[in-house]
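S.K.: Show me how the following folds:
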Amino acid sequence: MNDQEAPGKPRRKHRRDPEGHRAAILEAARQSFAERGYARTTLRDIAQRAGVTHGLITRHFSSKERLFLAAVPGNRDLERLAAGDPATLPERIARGFVRRMETDAANDPLVALLRSAASDERTAAHLLAAMQESSRTVYRSVLSDMSGDDVDTRVAFLGSHLIGITFSRYIARTEPLASMPPEQLTGHLTRTLRHILFDA
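M.R.: A predicted model of the protein is given here:
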């Protein structure tokens, strides 16, 4: 064949567009992790969906774990949400979390990871620990007046709190969280995050 793609093969993105490639890889990864879970998703699956080569993914992200961490919306957007006045940090985190989950919780990689935790405990624990370490780095830069150990403890509680809400509202759908209006959930979450982050 000349310039035509072979039947059944993904269309490769030949143009030099690093940012476009990265965005396509992240979107394909988000979809794949949400649909198949972490363990059953391969980099070749993601490459085929994104229309790029396996090698291009490893050049951008080096490993499946790093790609997962980059693809999880909350992990990916935390630096942007955290930037600003520390006094309003709890509200920014609460609003960002609720907006993200209300928009597309069913296709969120974190939800997929929590669903698979019972059958793949070791992988889930490893990835959650990696996500927590990434979060600590961001929060340390914002909460610079606190000691490192204090920030680490507070971030661990914050992460556990958000995971609990994710499971209760978006997976198990237990009341009263399941039917709580988003704005009310945001208000409650802002108060609890403020307590976790700032109370003595």
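S.K.: Skip ahead from the helix or strand of the chain with the lowest mean pLDDT and say which helix or strand is next.
M.R.: Ranked by mean pLDDT, DSSP states H and E, the weakest helix or strand in the chain is helix 73-82, scoring a mean of 76. Tracing the chain past helix 73-82, the next element assigned as helix or strand by DSSP states H and E is helix 89-104.
S.K.: Name the residues of that following helix that are buried.
M.R.: Buried residues in helix 89-104, counted by 16 or more other Cβ atoms under 10 Å: 89-98, 100-101. Yep, even glycine has a C-beta here, placed from its N, CA and C like the rest.
S.K.: quick one, what contacts the spatially most central residue of the chain?
M.R.: Nearest to the geometric centre of the chain sits residue 72, at 2.2 Å (Cα atoms, centre = their mean). When contacts are counted by Cβ atoms under 8 Å, 6 or more residues apart in numbering, residue 72 touches 30, 108-110, 131.
S.K.: contacting residues around residue 139?
M.R.: 82, 151, 154-155, 158.
S.K.: Please apply the same query to residue 54.
M.R.: Here residue 54 is in contact with 43-44, 47 (Cβ under 8 Å, 6+ apart).
S.K.: which one of those residues has the most neighbours?
M.R.: The member of the contacts of residue 54 surrounded by the most neighbours (other Cβ atoms under 10 Å) is residue 47, with 21 neighbours in all.
S.K.: returning to what we had before: out of the contacts of residue 139, what pair is the most spread apart?
M.R.: 82 and 154 (13.2 Å; Cβ to Cβ).
S.K.: just the helices in this structure please.
M.R.: Applying DSSP state H to the chain gives helices spanning 18-40, 43-50, 54-61, 64-71, 73-82, 89-104, 109-116, 121-142, 148-165, 182-198.
S.K.: and those helices as TSV, adding distance to residue 171?
M.R.: Output for the helices of the chain, formatted as TSV (distance: least, Cβ to Cβ, whole Å):
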stretch	distance to residue 171
helix 18-40	13
helix 43-50	24
helix 54-61	27
helix 64-71	18
helix 73-82	15
helix 89-104	11
helix 109-116	6
helix 121-142	13
helix 148-165	10
helix 182-198	15
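S.K.: nearest to residue 174, of those helices?
M.R.: Closest among the helices of the chain, using Cβ to Cβ: helix 148-165, at 10.6 Å.
S.K.: buried ones in that closest one?
M.R.: Going by neighbour count (16+ other Cβ under 10 Å), the buried part of helix 148-165 is 151-152, 154-155, 158-159, 162-163, 165.
S.K.: Contacts only, for residue 86.
M.R.: Residue 86 touches 142-143, counting by Cβ under 8 Å, 6+ apart.
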